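**Student:** fold the following, please.
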Amino acid sequence: MIELKSAGEIDAMRAAGKVVAAVHAAVRERAAVGVSLMQLDEVARTVMAEAKAGASFLGYHPAFGATPYPGVICTSVNGVMLHGLPTPYRLRDGDLLSVDCAAYIDGWHADGTVSFAVGHARAEDLKLIRVAEETLAAGIEAALPGGRMGDIGHAMSTVGRGAGYGMQNDFGGHGIGRAMHESPFVPNEARRGRGLRLRPGLVIAIEPSLMAGGDDGYYMADDGWSVCSADGSRSVHVEHTVAITEAGPVILTLP
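**Tutor:** Numbers count the residues shown, from 1 in each chain. Prediction:
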C-alpha cells in the first residue's frame, strides 16, 4: 500500500532529514586518511544521539542481508557500490567513500547518501561524483505531480548512461515515511511516461548508483551486505528523500 503524507507529516520527515544531513556533514569532516570506518560510524551515532534520533539501519534485516545490520551508516569504499559495512578498515589517500544514512524522529524516517573523495582526489573520481549528483538532480527534477514514476528513472539513466557509466536497477529508490522502506519501488532506469502516477503527498528516496567501468554487473561480497561492481571499478551512490508537492519536488534531507 502506498501512503500519501500530509503537510504536517512531511514536516516531521524534514526534521529527520536534517539529522541525516548533520550526520553527513560530521562524517565528511571526520573522514581522513587513517580514520577507520568504525570510527565514522561512532561519529554518526553521536550526532543521532545528540539529536535524539533513532538509526533506521541499526538492526535492519531485509531478505538479502546475511545478518541484522550492525551499524548506523553504510560506508562503501571504492569498488563497493552499496551497503558497505563499517569495519576496522582505515581510509587511505584517494579512497572514494559513499556514506548512506537513515534516521527517524517520532516514528518518521528520512534517508540520504553522499559520496566524496578522501585526501587527494583523482580527477576521474571527481567526475564520477559530479555526474552522480547530476543524475540525482535530474531524477528529482522529474518528480513532478501528475508525472509518472518512469519519468524519474528515464531522466536519471539519460544522464548516467550518457556519461558512459554503468548502472543497476535491482537496488533502487523507495517510498519512505513511517518505515524506512515503503512502496513504491523507484527505478534508477525506466521508460518515460510509464509506471505509477506521481501524486502530491508521495515521499520517496531517489538513489542512483554509478559504476565507473561502464558495466552493469555487480556481486554480493562475502560479508553478505556489500554490493560491489563486478569489474572492480570504482562506484558512487547518492540519495535524497524527496516529497512530491503541488508546487513540485521538495528535498527533505538538506541541512
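
**Student:** ok, which stretches of this structure are helices?
**Tutor:** Using DSSP state H, the helices of the chain run over residues 7-30, 37-50, 123-141, 149-162.

**Student:** which elements pack onto the second one?
**Tutor:** Using 3 or more CB pairs under 8 Å, 6 or more residues apart in numbering; DSSP states H and E as the contact criterion, the elements in contact with helix 37-50 are helix 7-30, strand 54-55, strand 73-77, strand 96-105. (Each C-beta comes from the backbone N, C-alpha and C, glycine too.)

**Student:** same question for the last one.
**Tutor:** Taking 3+ CB pairs under 8 Å, 6+ apart as the contact definition, the neighbouring helices and strands of helix 149-162 are helix 123-141, strand 166-167, strand 182-186.

**Student:** buried stuff in the first one?
**Tutor:** Spelled out, that is helix 123-141. Residues of helix 123-141 classed as buried by neighbour count (16 or more other CB atoms under 10 Å): 125, 128-129, 131-140.

**Student:** quick check, nearest of these to residue 10?
**Tutor:** residue 140 (15.2 Å; CB to CB).

**Student:** from residue 222, how far off is that closest one?
**Tutor:** As judged by CB to CB, to the nearest Å, residue 140 and residue 222 stand 35 Å apart.

**Student:** go ahead and confirm residue 48 touches residue 58.
**Tutor:** No - here residue 48 lies out of contact with residue 58, judged by CB atoms under 8 Å, at a distance of 9.3 Å.

**Student:** hmm, back to that, of the helices and strands packed on helix 37-50, which is nearest residue 200?
**Tutor:** helix 7-30 (9.5 Å).

**Student:** show me what that closest one is in contact with.
**Tutor:** For helix 7-30, the external contacting residues (CB atoms under 8 Å, 6 or more residues apart in numbering) are 5, 39-40, 43-44, 46-48, 51, 53, 73, 99, 101-106, 108-112, 114, 116, 176-177, 201, 203, 241, 243, 245, 250-255.
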